[in-house]
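*Asks:* predicted model, plus sequence, below.
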Amino acid sequence: MRVIVVGGGVVGTMHAWQAVQRGHEVVQIEREAEARGASLRNFGQIWVSGRAGGEELDTALRARELWERIGAEVPGLGFRAIGSLTPVRNSLEYAVAEAAVARPDAAARGYELVTAEQARKINPALRGDFEAALWCERDAAVEPRTAQLHLREALRATGRYTFLPGREVREVTGPGAVRDDHGDVHRGDAVVLATGAWLSGLVRELVPELPVRRVRLQMMQTAPLGEPLTTSVADADSFRYYPAYRSAALDRLGAEQAQAPVAAEHKMQLLMVQRQDGGLTIGDTHEYEHPFAFDTLEDPYEHLTEVVESFLGRPLPKIRHRWAGVYAQCTDTTHVVHRQQVADGVWLVTGPGGRGMTCSPAIAETTADELGW
């Protein structure tokens, strides 16, 4: 079988990986010289802890298993089974963590409520003040800016993979066939459009009423911390954002403890991961209304810096990078992904939202299974 994958981000690359692993030939087409979207502009977190139960959690857990397996084959991914800690500072936040640990699926997530002393043994860099922390053993991390590069190197080594950068697919010309803006037609037994947040052009022509929206976020990265941050770190605002934490305790938190004004305005939470070079990736904000701003704002960065420094008990290293990114999210956020046949032999796979890096291996596996690869 010959598979054409359109899109060089992590979802597209994982579809290429699945096809090649199953013995097929793959041509992957990317409109940029390299992927430039959400697949690079993220935390690199394999984030199980906050996922909704049912399909979303099952997908995340399966993806976590696949990431570890692929990471063993492709060491350049930088897969690290580091887990995560969410420090809590008062009884309201503690109650939300306690409710999470009481969930029927808490063991599958690797949840444990630990004391501040236990949290500091797990992650000694957390020297600030907090009362306890929610530990999630199943969370992990990879290196988002280089993951696709290393995956493609491994794919090329099979002799059944071709990467064509700098080409934008413009037209479906027939069953399993597309034309790019160089005038070349690429034919296969199946075409997968994994175009991320690029929802205009060909995607809009094929699906005018696509149930997917775009979301913009701001993030930053520091110089090396100078010591290991042995886990990912979140703050209690993440409880408000992720569906796994919905409970009566969360309702009380929302009613009795307001977010900081800047956090509420920009729909913020803290997520933080250490990169292999020692720097910290920190975010994030959420912007849903179009048209998006074209600039980044300082207030959210200042808020995140204050939160991080309060957990670390020390000044944050120099900020080296700030950026904004856009990802595609199903308008019905209970859907892990939007997967739709849009023409004869052509399927669109998009809209995982902030779950793309986490769930992409399992999303691609499901596509391969459904298409009978």
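*Replies:* Yep, that arrived.

*Asks:* keeping just the C-alphas, turn stretch 41-56 into PDB.
*Replies:* Extracted in PDB, the C-alpha atoms of stretch 41-56 (Å, rounded to 0.1, in the frame of the first residue of the first chain):
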ATOM      1  CA  ARG A  41       5.100  25.300  19.900                       C
ATOM      2  CA  ASN A  42       4.000  23.100  22.800                       C
ATOM      3  CA  PHE A  43       5.300  21.700  26.100                       C
ATOM      4  CA  GLY A  44       6.200  18.300  24.800                       C
ATOM      5  CA  GLN A  45       4.100  16.900  27.600                       C
ATOM      6  CA  ILE A  46       2.500  13.500  27.400                       C
ATOM      7  CA  TRP A  47      -0.300  14.700  29.600                       C
ATOM      8  CA  VAL A  48      -2.500  11.900  31.000                       C
ATOM      9  CA  SER A  49      -3.400  13.500  34.300                       C
ATOM     10  CA  GLY A  50      -6.100  16.000  33.300                       C
ATOM     11  CA  ARG A  51      -7.800  14.000  30.600                       C
ATOM     12  CA  ALA A  52     -11.500  13.300  30.700                       C
ATOM     13  CA  GLY A  53     -12.500   9.700  31.500                       C
ATOM     14  CA  GLY A  54     -13.600   7.300  28.800                       C
ATOM     15  CA  GLU A  55     -12.400   7.600  25.300                       C
ATOM     16  CA  GLU A  56     -10.100  10.600  26.000                       C
END
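
*Asks:* so for it, what's the average pLDDT?
*Replies:* In this model, stretch 41-56 has a mean pLDDT of 94.

*Asks:* also stretch 259-269?
*Replies:* The model assigns stretch 259-269 a mean pLDDT of 97.

*Asks:* span of that stretch from start to end?
*Replies:* Separation of the first and last residues of stretch 259-269 by Cα to Cα, to the nearest Å is 10 Å.

*Asks:* got the buried residues for it?
*Replies:* Residues 259, 262-263, 266-269 are the ones in stretch 259-269 that count as buried (16 or more other Cβ atoms under 10 Å). Glycine gets a C-beta too; all of them are placed from N, C-alpha and C.

*Asks:* how about low-confidence regions in the stretch 151-300 of the chain?
*Replies:* Low-confidence regions of the stretch 151-300 of the chain, defined here as pLDDT under 70, do not occur.

*Asks:* need the strands for it, in chain order.
*Replies:* 161-165, 169-174, 177-180, 185-187, 190-193, 212-222, 232-234, 271-274, 280-283 (DSSP state E, counting those that start in this stretch).

*Asks:* now for the ones you listed, which one comes closest to residue 106?
*Replies:* Among these, strand 232-234 comes nearest to residue 106, with 16.4 Å by Cβ to Cβ.

*Asks:* report the buried residues of the closest one.
*Replies:* 232-234.

*Asks:* list the helices and strands it packs on?
*Replies:* With contacts taken as 3 or more Cβ pairs under 8 Å, 6 or more residues apart in numbering; DSSP states H and E, strand 232-234 sits against strand 84-88, strand 271-274.

*Asks:* can you say which of those is packed in most?
*Replies:* strand 84-88 (a mean of 28; mean count of other Cβ atoms under 10 Å).

*Asks:* after that strand, which helix or strand is next? Please name it.
*Replies:* helix 91-101 (DSSP states H and E).

*Asks:* on that earlier part again, including distance to residue 39, could the buried residues of strand 232-234 go into JSON lines?
*Replies:* Listed next are the buried residues of strand 232-234 as JSON lines, based on distance: Cβ to Cβ, whole Å:
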{"residue": "232", "distance to residue 39": "18"}
{"residue": "233", "distance to residue 39": "22"}
{"residue": "234", "distance to residue 39": "21"}
